[in-house]
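>>> okay, sequence plus prediction incoming.
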Amino acid sequence: MTKMTKHSPLACLSKAELFKDLPKNLREKLVTISTHQEYFPKGSLIRQPFDGKDGMLVMDKGHAKIYSLNEDGKETVLGTLNKGDSEGQEHLFSDGNQENYIQATTDTWICSMTRKDFQNLLQETPGLALRLLNSFGKKLVAVEQNAIRRNSMDAKERIMAHLEDLSKKQEANVVTLELKKKDLASLLGITPETLSRKLKELENENRIEVKGKQIRIL
DNA sequence: CCATTAATAGGCG
DNA sequence: CGCCTATTAATGG
């Protein structure tokens, strides 16, 4: 393990979309119930079933993927986490064990807080509850949309739709894939081979240009 | 270097 | 399309 960066809990929480517009006094309240910064080396599991960890986490630095495992041992990628993203909000409301895995895809630092502490704070802080609901809703829409695409669009269309999402999010015509292509394939509900082939097709149709993880949308 | 993992290609159902 | 296998590229130690 390398150096330990000095940790500012307030700065960490303030990066989160969910918290960053909160008045400082509220953020300081959150700090009082949050853990110290935790380090996870690339490839390690931040969360897994039956690890006994509840509550939510905030990405301070790094990237991670969320996935589930079926009985054949194959993983299905459910989403990604980037700096400032928060995850595990559902565990703030119920104390069941989660069935998903969260794995660091780069060296990662996170902050977290437990369900109990968070619930107590929520009761004293309605404004916080409102923001949480809004964020929760946005996530729901994204998940729903991916589900809709899986059922209504063929592989090529799904890939293009995803690239356009990325383009919008990254505000560029040249997008950078945040996942390995095999993980992206899993997220889109297709195989890596199909992804590879369809990217080629799209390229031949002059709709995109692929250079490794950089893709230009034409 | 070697070993492992990721990406691509081709065949087939 | 997915699944399987072979080949190649990229990655890590």
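Now that the structure is in, tell me what you want to look at.
>>> who is the residue positioned nearest the centre of chain A paired with across the strands?
Closest to where the C-alpha atoms of chain A average out (CA atoms, centre = their mean) is A:Leu81, at 2.4 Å. Counting by DSSP bridges, A:Leu81 is bridged to A:Ala64.
>>> for A:Tyr39, see how far away the residue nearest to A:Gly62 when sequence neighbours are not counted is.
Once flanking residues are discounted, A:Gly62 sits nearest to A:Thr108: 3.0 Å by CB to CB, 6 or more residues apart in numbering. Yep, even glycine has a C-beta here, placed from its N, CA and C like the rest. Distance from A:Thr108 to A:Tyr39, counting by CB to CB, to the nearest Å: 7 Å.
>>> also A:Arg47?
15 Å.
>>> tell me what the helix or strand of chain A with the lowest mean pLDDT is packed against?
Least confident helix or strand of chain A, by mean pLDDT, DSSP states H and E, is helix A:9-15 with a mean of 81. Applying 3 or more CB pairs under 8 Å, 6 or more residues apart in numbering; DSSP states H and E, one finds that helix A:9-15 contacts helix A:24-33, strand A:56-61, strand A:108-113.
>>> ok, back up a step: just confirm the residue nearest to the centre of chain A contacts A:Glu87, I think it does.
Yes - between A:Leu81 and A:Glu87 a contact is recorded at 5.6 Å, counting by CB atoms under 8 Å.
>>> who touches both of the two?
A:Met59, A:Ile66, A:Ile102 (CB atoms under 8 Å, 6 or more residues apart in numbering).
>>> now do the SS call for the last one.
To tie it back to what came earlier, the one meant is A:Ile102. Assigned with DSSP: H, G, I helix; E, B strand; the rest coil, A:Ile102 falls in the strand class.
>>> who does it bridge with?
A:Ile102 forms beta bridges with A:Arg47, A:Ile66, as assigned by DSSP bridges.
>>> for it, give me its contacts.
A:Leu45, A:Ile46, A:Arg47, A:Gln48, A:Leu57, A:Ala64, A:Lys65, A:Ile66, A:Leu81, A:Glu87.
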